[in-house]
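S.K.: Just to be clear, the model below is a prediction. Sequence and coordinates:
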Amino acid sequence: MTMKAGASKKPIENEDQDSFLQRLGPGLITGASDDDPSGIGTYSQAGAQLGFGIGWTMLITYPLMAAIQEISGRIGRVTGHGIAGNVCRNFPAPVIWSMIVLLFVANTINVAADLGAMGDALKLLIGGPGTLYVAIFGAVSVIAQIFFNYERYVSILKRLTLVLLAYVIALFLAKVPWGDALKGLLVPKIEWSGPFLTTLVAILGTTISPYLFVWQSSQEAEEQRIDPEKKPLKQEPQKEEEEIKRIRIDTLVGMAVSNVIAVAIIMTTAATLHASGKTDIESSAQAAEALRPVAGALAELIFALGIIGTGLLAIPVLAGSTAYAIGEGRKWPVGLSRKPKEAAAFYSVLALSVALGVGLNFTALDPIKALYWSAVINGVLAAPIMTVMMLLVRRKSVMGDLVVSGPVYWLGWIATIAMFLCIVGMAFTIWS
């Protein structure tokens with residue numbers, strides 16, 4: 001690119017910083033969207049109920065989460081198709097359709113719960129009808145995804161990740177006994193009790209979710225498709241080292257953001273709500289409200305604004321992953337970079353998922369039960385999808401010469417086994 005006359009050259013440090021930020025994309029957005037309002041509710045409940053002693057789980061889940069998300073990104077970049085696109089090309093129809101149906105149900109319920117939390121958070125700040133805010137947030141999300149320029153939209157999503165700093169700010173506004181907090185983070189503490197096991201299952205299900213796999217793989221495929229200089233990586237394996245390094249950095253940073261924020265939420269609620277005896281927090285909005293008497297109005301304000309910002313970030317990922325999965329499974333034209341007329345069915349699924357999520361907030365649906373069953377469906381769905389992914393990345397017919405091996409591959413299998421154990425844990429808590 002030529003420089004305009006009279007323009008000053010950027011310092012080398014700024015160029016390096018810009019280059020680093022530009023390399024972050026699907027992984028960063030995926031990681032940040034993992035801390036959606038329903039996730040915030042789970043982490044808040046964990047901190048309020050179990051205190052600092054549950055913080056160590058975030059260190060354990062980080063390498064597992066990073067590995068499975070890197071594998072997801074590599075599937076999209078290497079093949080030029082997302083996970084659903086590869087499943088429908090390599091497995092029988094019942095496999096892809098069972099995946100699509102469960103993903104649609106889980107994501108739609110999750111969208112409903114997130115919209116409800118956002119509506120409650122805004123109502124907490126300014127008063128008024130929460131259900132009206134739910135409808136407005138849903139409409140804004142759909143309109144932005146359909147009509148915004150793709151590059152501009154992705155840029156907005158990247159900037160929205162900054163709202164997650166709200167939880168770090170809230171952490172430092174609270175009075176934290178740092179010795180206890182660090183002990184809880186670094187020293188595993190396991191309680192063989194129903195509440196602890198249930199919370200552990202909820203944390204695993206919230207942290208490693210199917211919609212995150214689908215979104216990152218589809219976004220890698222999308223960014224390759226819209227760049228005329230890029231082909232699926234298996235067609236130009238000479239770029240493997242550069243592209244895999246980019247995906248790895250993007251994923252490691254994104255998942256680190258996700259887990260650092262989760263730790264901040266757990267520590268904040270442990271230091272305030274758990275310490276004051278408030279152990280029954282049922283939603284992220286309730287957590288924000290409950291912080292007022294123990295951490296001050298500013299912490300409550302920051303927490304509530306964070307819920308709204310993370311919801312605006314997460315809902316496009318939830319609804320978008322549903323649309324990508326169904327569209328790729330049906331081999332429709334898909335992608336947020338396409339104009340509405342070019343991908344009418346894709347955008348229709350996206351809008352339907354959000355509309356149903358809005359509609360569920362006008363029913364007698366219990367948001368806490370909705371979150372719980374969404375987590376159950378996500379847990380049940382995650383393990384088989386991860387198994388399919390691990391089988392795909394070892395097939396030369398899918399990955400060419402770029403099959404996944406080494407530590408990332410084995411960490412992927414460990415994550416998969418952990419999710420199967422998560423299902424067993426969920427079944428135990430349901431039937432016990």
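M.R.: Here it is on my side, so go on.
S.K.: What segments of the stretch 251-400 of the chain are helices?
M.R.: Here the stretch 251-400 of the chain has its helices, by DSSP state H, counting those that start in this stretch, at 284-290, 292-295, 297-329, 344-360, 367-392, 396-399.
S.K.: so what does the last one touch, helix or strand wise?
M.R.: Read that as helix 396-399. Counting contacts by 3 or more CB pairs under 8 Å, 6 or more residues apart in numbering; DSSP states H and E, helix 396-399 packs against helix 56-79, helix 83-90. The way it works is simple: take the backbone N, C-alpha and C, and place the C-beta from them, glycine included.
S.K.: make it 10 Å
M.R.: helix 56-79, helix 83-90, helix 367-392 (3 or more CB pairs under 10 Å, 6 or more residues apart in numbering; DSSP states H and E).
S.K.: Can you list the residue ranges for helices in the stretch 51-200 of the chain?
M.R.: For the stretch 51-200 of the chain, the helices defined by DSSP H, counting those that start in this stretch cover 56-79, 83-90, 93-126, 130-147, 150-160, 165-173, 178-186, 194-207.
S.K.: Put together CSV for these, with distance to residue 37, mean pLDDT and mean neighbour count on each row.
M.R.: Converted to CSV, those look like this (distance: least, CB to CB, whole Å; pLDDT from 0 to 100; neighbours: other CB atoms under 10 Å):
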stretch, distance to residue 37, mean pLDDT, mean neighbour count
helix 56-79, 18, 93, 24
helix 83-90, 25, 92, 23
helix 93-126, 4, 88, 22
helix 130-147, 11, 90, 18
helix 150-160, 13, 73, 15
helix 165-173, 12, 81, 19
helix 178-186, 24, 91, 15
helix 194-207, 11, 76, 21
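S.K.: Ok, which of those comes nearest residue 228?
M.R.: Residue 228 sits nearest to helix 150-160 of all the helices of the stretch 51-200 of the chain, at 14.2 Å, using CB to CB.
S.K.: and of the helices of the stretch 51-200 of the chain, who's closest to residue 231?
M.R.: Relative to residue 231, the nearest member of the helices of the stretch 51-200 of the chain by CB to CB is helix 56-79, separated by 10.4 Å.
S.K.: Would you mind getting the angle between the closest one and helix 367-392?
M.R.: 50 degrees (axes from the mean of the first three to the mean of the last three CA atoms, to 10 degrees).
S.K.: tilt between helix 56-79 and helix 194-207?
M.R.: Using the same axes, to 10 degrees: helix 56-79 against helix 194-207 is 30 degrees.
S.K.: Can you say which of the helices and strands packed on helix 396-399 is nearest to residue 230?
M.R.: Nearest to residue 230, of all the helices and strands packed on helix 396-399, is helix 56-79, at 8.8 Å by CB to CB.
S.K.: Select, out of the helices of the stretch 251-400 of the chain, the one closest to residue 411.
M.R.: Of all the helices of the stretch 251-400 of the chain, helix 367-392 sits nearest to residue 411, with 10.6 Å by CB to CB.
S.K.: which regions of the stretch 151-300 of the chain sit below the pLDDT cut-off?
M.R.: For the stretch 151-300 of the chain, the stretches with pLDDT under 70 are 194, 282-284, 290, 293-295.
S.K.: swap that for the stretch 301-432 of the chain, please
M.R.: For the stretch 301-432 of the chain, the stretches with pLDDT under 70 are 366-369, 371-372, 375, 426, 429-430, 432.
S.K.: How about residue 281: what's its closest non-neighbour residue?
M.R.: Spatial nearest neighbour of residue 281, chain neighbours left out: residue 48 (4.4 Å); criterion: CB to CB, 6 or more residues apart in numbering.
S.K.: counting contacts, what elements does the helix or strand encompassing residue 416 pack onto?
M.R.: Assigned by DSSP states H and E, residue 416 belongs to helix 407-431. Counting contacts by 3+ CB pairs under 10 Å, 6+ apart, helix 407-431 is packed against helix 56-79, helix 194-207, helix 240-269, helix 367-392.
S.K.: Please dump those helices into a markdown table; it should also carry distance to residue 357 for every row.
M.R.: What follows is those, written out as a markdown table (distance: least, CB to CB, whole Å):
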| stretch | distance to residue 357 |
| --- | --- |
| helix 56-79 | 24 |
| helix 194-207 | 18 |
| helix 240-269 | 22 |
| helix 367-392 | 10 |
